[in-house]
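Visitor: Got a predicted structure here, sequence first:
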Amino acid sequence: MSLEFEPFRTTKVAKNAPGSSAPWRAARNTVMAPPSRAAAWKRAASHETLTAIKSNARKYGLNHRLPMVTCRPLFSNPGRKHAMSLILKDLTPVYKTTIAKGTSPTRWQRPIYVDLLPPCNNACPAGLNIQAWLELAQAGRYHEAWLKYMEENPLPSTHGRACYHPCESACNRQFLDQSIAVHALDRFLGDMALTRRWTVPVQPSTSRRVLVVGAGPAGLACAYHLRRMGHEVEIRDAGAEPGGMMHYGIPAYRLPRDKLMSEIERIRAMGVTMTPNYRVNDIIAEKEAGGFDAVFIAVGAQIGNHLDIPSMDGSKMIHALSLLEDVEHGRPPQLGRVVGIIGGGNTAVDVARVARRLGAEEAVLIYRSDRAHMRAHPHEVHEAFAEGVKVKWMSTVKQFGTEEVVVEQMEMAPDGKGTVGTGRYEQLQADSLVLAVGEHADLEFLKPLPGVRIGRGDVVEVDAHMNVGCPGIFAGGDMIGGSRTMTAAVGHGKKAARNIDAWLRGQTYEKPAKHAVIAFDGLNLPVFLDAGRQVEKLTPPAERVGFEEVVAGLSESEARFEASRCLSCGNCFECDNCYAACPEQAIVKLGKGRFYRYDYDLCTGCAVCYEQCPCHAIEMVPETNSPADGTENPVPSKFKTRP
């Protein structure tokens, strides 16, 4: 701060000074400027000088405010030696309102409560609101948590066992200690619902009928959601049992059949008709004959891809899906002592583990790339290795003889994309060879359908509303491509149901816009401590005999603790940090479950609440009603008092 000087007149000042002139002289001497101009500037800017001015001015009843921002020494007579006074030109100044934003009586920003998208929700192919049902589960409100789960997915017990849980790979908690065991909590809620026989409410009938072709995860999910909306649904499937690849493609040691069938039976009990051993060959004829208003096709990818491998004995070369289906029907093939499995995906790993359970001494995966490029889920690969499965990396099969496999050694391509042959060969002993190199759908029955488009890889092309190009005909699941997982298929079924429901009502379904995803670096976790992930118990590899389930679920106390590890990323969980931190008491608590609101007549925009929020449920935004001249909004001149 600096001062503006005026000429000093002793008589004028002395006249106004209280008491005798002696005390005032001392005060005047205190504020006297030095003779040189440079010293005057230096002295005027001195903190000690300003303090002395204020002190003496208060003592003798003078106004001591120091408002000026320039220092201009003025001399009354240039021809003589002068002393300069620091008598202030304006005794009622206006301070510069701010040095930095947020330190003045103007509010340039204000806090608002926001909802952001947790990364787990964003990563779930079925579109589950994971954070919402975890919050209910950690409070012990299990039935409400299950109902929240069932809004999106009808198969929690199944998914808790067989889903590859991409939500956990996206969980922000992994950067603090370990991700939330979401799949274990899926299973906990699903099993509890089966034990307690919980049911899902169904809306009144709309009298509209929908045919679902295929009883796999996509077909079951679509039928479930349509039935919840009040529509009449019939599922027709070529298999003897519903479930599709969940029933015939996932081994029982991962997915016990009693749990799967119990969840399917719950869908049937809602009023969904299921017709097994019924192959649909003409969609339009079935639609018209059955009086259906719409059709959803979800026949899956049930045919194994073939490799052109010269073989001395074709009977010893088996497709992976055929092997798994034969095992499910109680007709396991004779595989021999050493089994080779071509492939590096989840199906290949499942087949290798099944082969070990069928008595093979060695099950060897033959994979054309390295571990980093293996498509199978890391947990399943780890479990396969624990059970004795071996891998022949960077190899591809060229010929299958009577008791051996000829493989060519591969190497990474120069651009790092894929592998190329080296021309070096070796022989591996193998009594049988299983092909696990992908699957495709049988779509011949769809080709006569007007408007249908079948793209590369034998996948049906659908539009944004899951329509195949023919009015009232929709499709989903593995037959339309994508990641081809059970959870992705359930997501397709849900999306198709919502679009079919809108179409039946003469409307168009528009998916709501997503919130922004909250990353870990957007959180504020100074008081969060490490809390170890609850681990499901595994049967030791040496004791894994037959097809009994390998993984045990969590207890209630373990499940509740695991749910409580959720950081509630991007959404308020009423921790009261903002409420306690606000220096102006501008936050109003609305009660449990109703969160908070801001009283902007009290808020100064200091951002303390924003800095205290652990989950980034508060955002600071510029003032929206700034004056037309561009100046900042003032904070209310008279603050209210909290009642």
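Guide: Structure's in. What do you need?

Visitor: Let me know how buried Thr539 is, in neighbour terms.
Guide: Thr539: 14 surrounding residues under other CB atoms under 10 Å. To be clear about C-beta, it is placed using only N, CA and C from the backbone, and glycine gets the same treatment.

Visitor: what about it, distance to Lys495?
Guide: Distance, Thr539 to Lys495, by CB to CB, to the nearest Å: 37 Å.

Visitor: Help me confirm that Pro448 is found in a strand?
Guide: No: looking at Pro448 with DSSP: H, G, I helix; E, B strand; the rest coil, it is coil, so not inside a strand.

Visitor: Mind pulling up the pLDDT for it?
Guide: According to the prediction, Pro448 has pLDDT 89.

Visitor: The closest residue to it other than its chain neighbours: neighbour count?
Guide: Nearest residue to Pro448, sequence neighbours excluded (CB to CB, 6 or more residues apart in numbering): Asp282, at 7.6 Å. Neighbours of Asp282 under the rule other CB under 10 Å: 12.

Visitor: Wait, Asp282 touches Lys447, no?
Guide: No: counting by CB atoms under 8 Å, Asp282 stays clear of Lys447, with 11.4 Å between them.

Visitor: So in the chain, which helix runs the longest?
Guide: helix 486-504 (DSSP state H).

Visitor: could you say what helices and strands that helix packs with?
Guide: On a contact count with 3 or more CB pairs under 8 Å, 6 or more residues apart in numbering; DSSP states H and E, helix 486-504 meets helix 156-162, helix 217-228, strand 294-297, strand 473-475.

Visitor: Sheet partners, orientation included, of the longest strand along the chain?
Guide: Identified as the longest strand of the chain according to DSSP state E is strand 419-429. Its sheet considered, strand 419-429 pairs with strand 404-412 (antiparallel) by DSSP bridges.

Visitor: Would you indicate which residues of the strand it pairs with are buried?
Guide: By neighbour count on 16 or more other CB atoms under 10 Å, the buried set for strand 404-412 is Glu404, Val405, Val407, Glu408, Gln409, Met410.

Visitor: Please apply the same query to stretch 509-520.
Guide: By 16+ other CB under 10 Å, the buried positions in stretch 509-520 come out as Tyr509, Val517, Ile518.

Visitor: ends of it, how far apart?
Guide: With CA to CA, to the nearest Å applied, stretch 509-520 spans 33 Å between its terminal residues.

Visitor: One more: stretch 429-439?
Guide: OK, stretch 429-439 end separation, CA to CA: 26 Å.

Visitor: likewise stretch 568-579?
Guide: Using CA to CA, one end of stretch 568-579 lies 18 Å from the other.

Visitor: How about stretch 390-410?
Guide: OK, stretch 390-410 end separation, CA to CA: 18 Å.

Visitor: Now the most centrally placed residue in the chain: closest residue in space that isn't a chain neighbour?
Guide: By CA atoms, centre = their mean, the mean C-alpha position of the chain lies nearest to Pro119, the distance being 1.8 Å. Ranked by CB to CB, 6+ apart and with sequence neighbours excluded, the top spatial neighbour of Pro119 is Ala170, at 4.1 Å.

Visitor: Can you give me the neighbour number for the one you found?
Guide: Ala170 has 17 neighbours, counted by other CB under 10 Å.

Visitor: what do you get for Ala269?
Guide: With other CB under 10 Å as criterion, Ala269 counts 11.

Visitor: now do Asp326
Guide: As a burial measure, Asp326 scores 14 neighbours (other CB under 10 Å).

Visitor: Can you tell me how far it is from Asp350?
Guide: Taken as CB to CB, the span from Asp326 to Asp350 is 14 Å.
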